[in-house]
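K.L.:
quick one, fold the following:
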Amino acid sequence: MKIIKIGIASQEKIRARVLAIAKGELKPKPSDPKIWFTSMHSLAQVLSDENRALLEVIRTAKPASITELAEMTGRKQGNLSRTLKTMSGYGLVKMEKSERALRPVAKAQNYQILV
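P.N.:
Sure thing, here's the model as predicted:
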């Protein structure tokens, strides 16, 4: 499994970077972060101890649905769905459609944080 690089920069710097890429003024390097946070605080909320443990369960147990993951972790399904939606928005988790359920898949095993 791959390593996801995470960057931390101000909203203005992230916006300027995205605009420069869109205009063709900046070509992102393969070594550049793929996920951006505006502060260490927001990063710490998303990658809290509890959420890192959740990612580990997803990686190792490979649950077939959110319901199965809720049973494995003892978390309420609604709370778990919100957490997974947030993680999916940042690109840490992929939600795959299977028959009649959404299956969470961790996109990396390790994370490298660049400030």
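K.L.:
going forward, measure contacts between C-alpha atoms and count neighbours the same way
P.N.:
Will do.
K.L.:
next SSE downstream of the one helix or strand Arg82 maps to?
P.N.:
Arg82 is part of helix 77-90 when elements are defined by DSSP states H and E. Counting by DSSP H and E, the element after helix 77-90 in chain order, helix or strand, is strand 93-98.
K.L.:
list the contacts of that following strand.
P.N.:
Outside strand 93-98, the residues that touch it by CA atoms under 8 Å, 6 or more residues apart in numbering are Leu84, Met87, Ser88, Leu102, Arg103, Pro104, Val105, Ala106, Lys107.
K.L.:
check which helices and strands the helix holding Arg82 sits against.
P.N.:
Packing partners of helix 77-90 (3 or more CA pairs under 8 Å, 6 or more residues apart in numbering; DSSP states H and E): helix 66-73, strand 93-98.
K.L.:
from these, which stretch is densest packed?
P.N.:
With neighbours taken as mean count of other CA atoms under 10 Å, the helices and strands packed on helix 77-90 reach their highest mean count in helix 66-73, at a mean of 17.
K.L.:
nearest spatial neighbour of Ala20, chain-adjacent residues omitted?
P.N.:
Leu26 (5.4 Å; CA to CA, 6 or more residues apart in numbering).
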